[in-house]
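Q: Here's a sequence, model it:
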Amino acid sequence: MMIGNKQERIKKLAKKNQSAKIAEYLKSKDKDVRLAAIAALGESGGEDAFNNLTLILSSAVPAERIAAAQALGVLGDEKAISYLSHQLTKEQDAALIAALKKGLHALHKG
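A: Sure thing, here's the model as predicted:
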């Protein structure tokens with residue numbers, strides 16, 4: 001299956017709030033597919049999305065941590081505040097810190 005097709009499928013799953021099916025794409029070898037899945041989890045909502053996104057905050061891949069922080073802000077679950085705040089104390093990278101603060105800001109506004 002072509003990567004673009006996977007990303008379209010992920011978008012469709014997000015519109016249907018299919019977090020568990022989206023999470024399957026987190027295992028993809030393609031970075032862009034994984035990042036699309038992370039963003040889609042924020043849009044789809046639910047406990048599966050929340051659990052996967054909080055786990056991704058500890059990913060070894062900085063781009064995935066940034067995407068997870070942004071997706072948690074979009075998700076809007078106030079339980080994420082403690083996860084984002086904790087991650088903020090551990091991060092050194094300016095882009096990651098900015099993403100975490102943006103996610104926290106979105107949650108505090110919501």
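Q: after the one helix or strand Ala20 maps to, next one along is what?
A: Element membership of Ala20 [criterion: DSSP states H and E] is helix 19-23. Per DSSP H and E, the first helix or strand lying C-terminal to helix 19-23 is helix 31-44.
Q: Now do the contacts for Asp88.
A: To be clear, residue 88 is Leu; Asp isn't right here. Shown in contact with Leu88 (Cβ atoms under 8 Å, 6 or more residues apart in numbering): 97, 100-101, 104. To be clear about C-beta, it is placed using only N, CA and C from the backbone, and glycine gets the same treatment.
Q: let's go with 10 Å and repeat that
A: Neighbouring residues of Leu88 by Cβ atoms under 10 Å, 6 or more residues apart in numbering: 69, 96-97, 99-101, 103-104.
Q: can you redo these as a markdown table with distance to Val61, secondary structure and neighbour count?
A: Output for those, formatted as a markdown table (distance: Cβ to Cβ, whole Å; DSSP: H, G, I helix; E, B strand; the rest coil; neighbours: other Cβ atoms under 10 Å):
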| residue | distance to Val61 | secondary structure | neighbour count |
| --- | --- | --- | --- |
| Ala69 | 13 | helix | 30 |
| Leu96 | 11 | helix | 19 |
| Ile97 | 16 | helix | 15 |
| Ala99 | 13 | helix | 26 |
| Leu100 | 15 | helix | 28 |
| Lys101 | 20 | helix | 14 |
| Gly103 | 17 | helix | 29 |
| Leu104 | 21 | helix | 20 |
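Q: so can I have CSV of those residues showing distance to Ile56?
A: CSV is the format used below for the contacts of Leu88 (distance: Cβ to Cβ, whole Å):
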residue, distance to Ile56
Ala69, 9
Leu96, 12
Ile97, 17
Ala99, 12
Leu100, 13
Lys101, 17
Gly103, 12
Leu104, 16
